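A.B. asks: Structure, please.
(chains A, B, C and D)
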4 protein chains.
Amino acid sequence: MANSRFEYVKSFERENILLPQTHIIIRVDGKGFHKFSDFYNFEKPNDINALNIINLSAMKMMETFPDIILAYGDSDEYSFLLRKNCELFERREFKLITTFASFFSSYYQFYWNAKNSPEDQLKIDRLPTFDARAIVYPNRENIIDYFSWRQVDCHINNLYNTTFWMLVLKGGMTTQEAENRLIGTLSSDKNEILFKEFGINYNNEPEMFKKGTIYVREVNDFPIGKYRENPTIDNLQRILKRNKKSSINKYHCDLIKESFWNDRPYLFI
Amino acid sequence: MANSRFEYVKSFERENILLPQTHIIIRVDGKGFHKFSDFYNFEKPNDINALNIINLSAMKMMETFPDIILAYGDSDEYSFLLRKNCELFERREFKLITTFASFFSSYYQFYWNAKNSPEDQLKIDRLPTFDARAIVYPNRENIIDYFSWRQVDCHINNLYNTTFWMLVLKGGMTTQEAENRLIGTLSSDKNEILFKEFGINYNNEPEMFKKGTIYVREVNDFPIGKYRENPTIDNLQRILKRNKKSSINKYHCDLIKESFWNDRPYLFI
Amino acid sequence: MANSRFEYVKSFERENILLPQTHIIIRVDGKGFHKFSDFYNFEKPNDINALNIINLSAMKMMETFPDIILAYGDSDEYSFLLRKNCELFERREFKLITTFASFFSSYYQFYWNAKNSPEDQLKIDRLPTFDARAIVYPNRENIIDYFSWRQVDCHINNLYNTTFWMLVLKGGMTTQEAENRLIGTLSSDKNEILFKEFGINYNNEPEMFKKGTIYVREVNDFPIGKYRENPTIDNLQRILKRNKKSSINKYHCDLIKESFWNDRPYLFI
Amino acid sequence: MANSRFEYVKSFERENILLPQTHIIIRVDGKGFHKFSDFYNFEKPNDINALNIINLSAMKMMETFPDIILAYGDSDEYSFLLRKNCELFERREFKLITTFASFFSSYYQFYWNAKNSPEDQLKIDRLPTFDARAIVYPNRENIIDYFSWRQVDCHINNLYNTTFWMLVLKGGMTTQEAENRLIGTLSSDKNEILFKEFGINYNNEPEMFKKGTIYVREVNDFPIGKYRENPTIDNLQRILKRNKKSSINKYHCDLIKESFWNDRPYLFI
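C.D. replies: Residues are numbered from 1 along each chain as shown, chains lettered A, B, ... in the order given. Below is the predicted model:
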């Protein structure tokens, strides 16, 4: 298959291989989901059906790509942590990010239509789409900080949105009035508005809204106590060899506390 | 929204801005379409319904992204040419390629289900997905050569596939026998097999199969004669200003001949 | 030479191949030349000996690397234009820029010591060093604009420096006073200061100071008239084949006027 | 300083920021040193004067750039390890590598002329030049393996060269004959040739030839024992704060043994 005269155009292709022995995080992010949520009449501030659909899509990603060891998402975004020695697509960046964008969009569309009634099926001019980016991190601390960053972001946005929509839906404000009311307010101010004006204790809001959703590929019966006595990589790999069974579990817990990560040392090898 | 302790993780993000004043081509490519076509029982060597669906998806891409001025596709791939001065996503590579992968996958899934009967709807474990890559080319000649490369590839593959499937479907060979039969054969040999053994004149095969499909955003009533008299960029831009109306047209013609490009000088500014 | 256990570290190396069929410009830039010029007592505003040394170094670069077709420099910087089809170091960016930085620094040190008296030889803690960067440009217009940009910069800096140092050396101002005096002044203001206060007509200043220095690899006896009649790349390459002899010539002329470039069409192939 | 019409050309510049919190290694490598060593009549297989000059240059690099914590070199190359939190040039790759290439070339030229007699001064057409590349490594193990890789390379080359030149200088072979003799030989074969034919015990060769040269920025009076009892990063940083004094020391020892690195834990923070 000669093709020779034109084949030179391939020499213009460029490739970025993500640095070996680093953790890759791929974050998919909904495109225009503000308009999307208006178009399909999402409940405010949180639409449980939509969150279930994005969570199902993330779970399906973990089943499809065994290199994903943890996923965290809220609102219209999800971050996937790949294991350090991941060689998926030889770590070629364009393959990784476009594949994740493609699969995630496909799963979301599929689950949306499967979980909604015939009259709520997706329309061609407002399909759910996602971009995706890859970031590499060299060490454990960076990864914990990355997910802490996303979870703090979830918290800040959810507290804002909860207060904002209370002011609009229960308080009778226009969206503009609610926005003005919240300018310059601290978290404590928003908590107080919720409590004093609407009788809502923010702490009692659903964990999924406040903390987002975590899927983690867990090693069954991992002897964490034994590992703590002898915490070396060698020892970890020896234990993992004997504990091949793993399962994907779902949480809405605190990622910022070290204990989440200390209890799962196998995430970092 | 402070977040300060964790925000540093953003400094690990990297970005590639595609070189200004070059033509960007984005090629989407089906993932695992060999298995996909088996799973959904594609007709061999070409499944017209599947080609219609990928073509509809490409057409919809052109409607969605006005920066696309030409699209060429065959089999399970499509290449999109963006205009030289395109500033979509500020030419950020990751945004461009993941958005194209996401939209194209979404359109394909949508059209597939819309154009197929209820029993032929897509299944969760075999959804159509696509990766995408961007390549930048500095000049007119490169672009013509790029599309010529893809069209030659279409021709070579289609002639092979047409002969291969004739040997299997009409000739009673196993796929392994057909493969062995074709090892080392030239185009002329395959033409002869088709003609002598199956009475098929390859030239009479449908143009869409032999040449692929082209969508081009054409300037209506462009005075090509006048432009030929005075072929400068300035002159071209002056004409374009007076000819704002354009339409997207579909062809299955020869891209390798210079005339296709000479007739559409507006593609290169 | 096995080495196998450690060889994997090579897989962390990354490489950037500069886009084919574009013009590469490499700009070397003096590091800390403000201090360097103080240390070696440069004449202000322009030190002819230092300019001669940087010019000799640039000329020697052109002799060493035949792919350089034009060089432009002033003050402590030089920009080198490589021909479009240059394959030096297979267009690997790190090789190109570090080699240029290394050779240019080496030539500068050599010529400095060769052209200065024994008591003015370079000292180990104040050696002339240069960084280097590569930029690729897809078309003729970009290249003309690039060199115009550097020449405008030369002009602006030289007018400023000439006025500033007149105020200090002839006007008796401190450097701080001179700086304050020039804040907010236009070119016309500086011309007026020079003329009214110091009797200097800026137009009569040496061309090398006002315009910088150009080295260009010129094709001898190029039939520019014939080329203008039939200005195609094919024609240009045919003429070049018959005119193999070239020489490197030096100018201090205007690069912003199109005529400089129109007279040397061979620079762009 | 408007410049506006041309300033757009700056938008074509590209920049690579090396990944934060990784160790950067910059390796400078002599260009054409085979010819260089012939031209200046290096002693074979090792020229002590030339090695002293490259070592002086490396030492001067460490004095110039406090971010370098270790340097290793042999023959015509040197690798520099930068501390993990190095922010030199904001980790911009082009600045780092071109600056290292420029300074290293400058120092080498300076020391060569300073340490050689007037008749052996460098000539303009055979100046010592170096390219440079940067590689980033995410963890301690990679760094040890990197320097082990270079030291194994030094050993293999030196054993080969020692044997080769004995065959030529003492054995009366032509270079071609010596090359043929050594094809396919193992290390043990070369050791035997040296011992049996030339009475040389390779183990007694100078350490600098066999092991290369290491410069390391050492923390004075670092309480390594105390650190071993409590080996955390926090503890290390606390100790370092009390031990600010450091000195650059030179070795020709084994880098492959873990003990070299275990004794200097401060290299990895």
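
A.B. asks: hey, where'd the helices end up in the stretch 1-150 of chain A?
C.D. replies: A:4-7, A:33-39, A:48-64, A:93-115, A:140-169 (DSSP state H, counting those that start in this stretch).

A.B. asks: Spell out whether the third one and chain B are in contact.
C.D. replies: Yes - in this structure, helix A:48-64 sits against chain B according to Cβ under 8 Å from any Cβ of the partner chain; the contacting residues are residue A:60. Backbone N, C-alpha and C define where each C-beta goes, glycine included.

A.B. asks: any residues touching that helix, and which ones?
C.D. replies: Counting contacts by Cβ atoms under 8 Å, 6 or more residues apart in numbering or on different chains, the residues outside helix A:48-64 that touch it are A:37, A:40, A:42-43, A:68, A:71, A:73, A:76, A:78, A:80, A:100, A:103-104, A:107-108, A:111-112, A:115-116, A:208, A:213, A:215, A:217, A:248, A:250, B:124.

A.B. asks: what sits up against stretch A:216-236?
C.D. replies: A:62, A:68-71, A:239-240, A:243, A:245-249, A:251, A:263-267, A:269.

A.B. asks: Distance from that stretch to the middle of the chain?
C.D. replies: 25 Å (Cα atoms, centre = their mean, to the nearest Å).

A.B. asks: ok, and for that stretch, which residues are buried?
C.D. replies: A:216, A:217, A:218, A:219, A:222, A:227, A:236 (16 or more other Cβ atoms under 10 Å in any protein chain shown).

A.B. asks: Just the ones of those residues in strands?
C.D. replies: Counted as lying in strands by DSSP state E, out of those, are A:216, A:217, A:218, A:219.

A.B. asks: Tell me the pLDDT of the nearest residue to the third one once chain neighbours are set aside.
C.D. replies: Closest residue in space to residue A:218, ignoring its immediate chain neighbours: residue A:249 at 5.4 Å, by Cβ to Cβ, 6 or more residues apart in numbering or on different chains. Residue A:249 carries a pLDDT score of 97 in this model.

A.B. asks: now residue A:192
C.D. replies: 97.

A.B. asks: what's the spacing between it and chain B?
C.D. replies: Distance of residue A:192 to chain B, given as Cβ to the nearest Cβ, to the nearest Å: 19 Å.

A.B. asks: dump the residue contacts of the nearest residue to residue A:84 once chain neighbours are set aside.
C.D. replies: Closest residue to residue A:84 apart from its sequence neighbours, by Cβ to Cβ, 6+ apart: residue A:23 at 5.4 Å. When contacts are counted by Cβ under 8 Å, 6+ apart, residue A:23 touches A:81, A:82, A:83, A:84, A:136, A:137, A:138, A:142, A:143, A:268.

A.B. asks: Switch those over to CSV; also include distance to residue D:50.
C.D. replies: Compiled in CSV, the contacts of residue A:23 are given as follows (distance: Cβ to Cβ, whole Å):
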residue, distance to residue D:50
A:81, 50
A:82, 47
A:83, 47
A:84, 42
A:136, 40
A:137, 43
A:138, 37
A:142, 43
A:143, 47
A:268, 46
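
A.B. asks: just the buried members of those residues?
C.D. replies: By 16+ other Cβ under 10 Å, the contacts of residue A:23 give A:81, A:82, A:83, A:84, A:136, A:137, A:138, A:142, A:143, A:268 as buried.

A.B. asks: For stretch A:186-196, buried residues please.
C.D. replies: Neighbour-count burial for stretch A:186-196 [16+ other Cβ under 10 Å]: A:190, A:191, A:193, A:194.

A.B. asks: Let me have the buried ones among the contacts of residue A:23 in a markdown table, extended by distance to residue C:147 and pLDDT.
C.D. replies: Listed next are these as a markdown table, based on distance: Cβ to Cβ, whole Å; pLDDT from 0 to 100:
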| residue | distance to residue C:147 | pLDDT |
| --- | --- | --- |
| A:81 | 48 | 98 |
| A:82 | 46 | 98 |
| A:83 | 50 | 96 |
| A:84 | 48 | 95 |
| A:136 | 39 | 98 |
| A:137 | 42 | 98 |
| A:138 | 42 | 97 |
| A:142 | 44 | 96 |
| A:143 | 47 | 97 |
| A:268 | 52 | 93 |
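
A.B. asks: and the residue nearest to residue A:84, what are its bridge partners?
C.D. replies: For residue A:23, the beta-bridge partners under DSSP bridges are residue A:137.

A.B. asks: next one: stretch A:21-29 to chain centre, how far?
C.D. replies: 11 Å.

A.B. asks: Then stretch A:14-23?
C.D. replies: Mean C-alpha position of stretch A:14-23 versus that of the full chain (Cα atoms, centre = their mean) differs by 21 Å.
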